[in-house]
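Trainee: When you get a sec, could you give me coordinates for this:
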Amino acid sequence: MSNSLSVDALVDQLTLHKRMLNFIQEQGLIIDGIIFDDCIHRVKTINKPKSNNGWYSTFANGKGIVAGDWQTGLVNSWHSNSNLNTEQHKSQLRETIQQQKTKKNQEQQLTAIDADKKYNKCMDALRHPYLSLKNIPPTRGLRIFRNSLIVPLKNLETNSNQIMNIQSILGNGSKRFMKGGKVNGLCFPVGGMRRTPEVVYITEGVATAISVNINTNCLVLAAINAGNLKPVALTARYRWPEAKIIIAGDDDWLTQQKANINPGVEKATEAAIAVGGYTSFPPFTKEQRENNLTDWNDFLHGHVRGSV
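Mentor: Numbering: from 1, shown residues only. Purely as a prediction, here's the structure:
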């Protein structure tokens, strides 16, 4: 009898795991197995198979799961108990998310201390393969650590110059952040911080920010990814209420052809609307889009020349 119950329990568990795995894959996440530890795990997505923009976390003792995509803003959850009403489900989910936020904040504070120490030990970036790849010059604030270009990320809500996180970029364009560090709302300012700037541009990548700054001589904030455009824009609006904010967005045309979404355009537009700002996209031809030209760096300092 005991063996029969054990087998039944094992079958139920395997069935539950399979249903949860199917749910995650339906959200566009690329994953072979689930880690049941109630922590947030970053994974690749169908839209961006080379980047860990997807994430998931189990909750309710392994009986529920929430999954999302930081690039598109997608967030969905699933619970095994079909009799669990919506309020109970939401309550459990809120409790799990709050626990994760507390733990994440502690990790972010420790990472910020390490990031600041690491950055201050680095040398100024006088040259780097990534800068050459993007046809942009050395820029104040960028540094070198071993073979990586170091991009310091700061929080504009404070006047502190503390580095909250670091983006490391290899010569081939491969990028990563310090593990456990904050990213949301942080940015890399290009062009020098100004007390009352008339115009503030916000871009996704660092290379794009440098290109826009060269061609406009305005303050440009590199938000690092599309999902971070709105948080950075809101912070910029809070700090500079009278400034004209322009989101110099990417045009993810190929992604739109494959998945019927254009994260660059959608997130830039969303950010601009949130702060009463404007959008600016590179005027590529269809042929240039098909060649995967997406941002203002491609247009200004890549294969095409033009102006913002």
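Trainee: Please report the number of neighbouring residues for the spatially closest residue to Ile31 that is not a sequence neighbour.
Mentor: Nearest non-adjacent residue to Ile31, counting by C-beta to C-beta, 6 or more residues apart in numbering: Val43, 5.0 Å away. Glycine gets a C-beta too; all of them are placed from N, C-alpha and C. Val43 sits with 16 neighbouring residues when counted by other C-beta atoms under 10 Å.
Trainee: What of the one 5 residues further on?
Mentor: With neighbours defined by other C-beta under 10 Å, the count for Lys48 comes to 21.
Trainee: what residues does the host helix or strand of the residue nearest to Ile31 touch?
Mentor: Taking DSSP states H and E as the definition, one finds Val43 inside strand 41-45. For strand 41-45, the external contacting residues (C-beta atoms under 8 Å, 6 or more residues apart in numbering) are 28-31, 35, 50-57, 69, 71.
Trainee: Okay, now the sheet partners of that strand, with direction.
Mentor: strand 29-30 (antiparallel), strand 54-59 (antiparallel) (DSSP bridges).
Trainee: Show me the domain layout of this protein.
Mentor: Split into domains by automatic domain parsing, the chain comes to 2-84, 184-308.
Trainee: how about those, which one is nearest Asp116?
Mentor: domain 184-308 (12.8 Å; C-beta to C-beta).
Trainee: For Gln106, which three-state class applies?
Mentor: helix (DSSP: H, G, I helix; E, B strand; the rest coil).
Trainee: show me what contacts it?
Mentor: By C-beta under 8 Å, 6+ apart, Gln106 lies in contact with nothing.
Trainee: quick one: Leu74 and Gly28 touch, right?
Mentor: Yes: because the distance of 7.4 Å satisfies C-beta atoms under 8 Å, Leu74 is recorded as touching Gly28.
Trainee: Can you tell me how far Pro189 is from Asp8?
Mentor: 60 Å (C-beta to C-beta, to the nearest Å).
Trainee: is it possible to export the domains of the chain to TSV including mean pLDDT and distance to Glu107?
Mentor: As requested, the domains of the chain are exported to TSV (pLDDT from 0 to 100; distance: least, C-beta to C-beta, whole Å):
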stretch	mean pLDDT	distance to Glu107
domain 2-84	79	10
domain 184-308	93	13
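Trainee: Tell me which of the ones you listed sits most buried.
Mentor: The highest mean neighbour count among the domains of the chain, using mean count of other C-beta atoms under 10 Å, belongs to domain 184-308: a mean of 20.
Trainee: Centre of the chain to that one, how far?
Mentor: A distance of 14 Å separates the centroid of the chain from that of domain 184-308, by C-alpha atoms, centre = their mean, to the nearest Å.
Trainee: show me what contacts the nearest residue to Gly28 once chain neighbours are set aside?
Mentor: Spatially, and ignoring its direct neighbours in sequence, Gly28 is nearest to Ile46 (4.6 Å; C-beta to C-beta, 6+ apart). With contact taken as C-beta under 8 Å, 6+ apart, Ile46 is in contact with 28-30, 259.
Trainee: one step back: with respect to Leu149, which of the strands paired with strand 41-45 lies nearest?
Mentor: By C-beta to C-beta (comparing all of the strands paired with strand 41-45), the closest turns out to be strand 54-59, at 25.4 Å.
Trainee: Which parts of the protein are helices?
Mentor: Counting by DSSP state H, the chain has helices at residues 2-26, 86-120, 129-133, 206-216, 229-239, 253-259, 263-275, 286-290, 296-301.
Trainee: and of the ones you listed, who's closest to Gly62?
Mentor: helix 2-26 (8.0 Å).
Trainee: For the closest one, give me every contacting residue.
Mentor: 31, 33-34, 56, 58, 62-63, 65, 67, 76, 78, 80.
Trainee: Please apply the same query to stretch 171-184.
Mentor: 104, 107-108, 110-112, 114-115, 118, 128-130, 133, 147, 153, 155, 164-169, 224-225, 228, 231.
Trainee: first to last residue in that stretch, what's the distance?
Mentor: Stretch 171-184 has an end-to-end distance of 25 Å (C-alpha to C-alpha, to the nearest Å).
Trainee: Okay, buried residues for it please.
Mentor: 175, 177-178, 180-183 (16 or more other C-beta atoms under 10 Å).
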